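Colleague: Sharing a sequence plus its predicted fold:
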Amino acid sequence: MSNRTCVIVLKAILLPFRLLGHYFAVQGLLPLRRWLDQMEIRDAAIAHTICQLIPAQCPFERDIYLFGRKVGHIPPLCKLNPFYEEVTGLRFRALCYLADECGEDVGCYV
């Protein structure tokens, strides 16, 4: 089975979960999503904590190797999270606060 076929099959398997996550994100989780979007960063310690807790890239994305040869790829699963956009936006706002307001180097978080 080729990598392209594996990706197509995996997307077909994950589609119902993506749709289900979208339904809950639109319906029941909207207040929490709004709260995350409206959260302001006003303290450098909180901004540092947010940048340390939220990874810069999906930790679940992997390449699968067998005997030194790439045989598959696990795509990033973070986008299945209904809060993905809000959490990455919060991390971005924390990075901007540290860089713009505090004048700190944020290279260690990127």
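Modeller: Noted; the coordinates are in hand. Numbering: from 1, shown residues only.

Colleague: and the gap between the residue of the chain most remote from its centre and Pro31?
Modeller: In the chain, counting by C-alpha atoms, centre = their mean, Phe67 sits farthest out from the average C-alpha position, at 30.5 Å. With distances taken as C-beta to C-beta, to the nearest Å, Phe67 is found 50 Å from Pro31. (Each C-beta comes from the backbone N, C-alpha and C, glycine too.)

Colleague: Same check on Cys96?
Modeller: For Cys96 relative to Pro31 (C-beta to C-beta), the value is 25 Å.

Colleague: which residues of this structure fall in strands?
Modeller: Assigned by DSSP state E, the strands in the chain fall at 62-66, 69-74.

Colleague: Which other helices and strands does the shortest one contact?
Modeller: Using 3 or more C-beta pairs under 8 Å, 6 or more residues apart in numbering; DSSP states H and E, the elements in contact with strand 62-66 are strand 69-74.

Colleague: Helices of the protein, residue ranges please.
Modeller: 3-26, 30-38, 44-53, 84-96 (DSSP state H).

Colleague: could you check the angle helix 84-96 makes with the shortest one?
Modeller: The one in question is helix 30-38. Helix 30-38 runs at 20 degrees relative to helix 84-96, counting by axes from the mean of the first three to the mean of the last three C-alpha atoms, to 10 degrees.

Colleague: Looking at helix 30-38 now, give me its mean pLDDT.
Modeller: Helix 30-38 shows a mean pLDDT of 87.

Colleague: residues making contact with it?
Modeller: 25, 82-83, 86-87, 89-90 (C-beta atoms under 8 Å, 6 or more residues apart in numbering).

Colleague: That's all I had, so thanks and see you.
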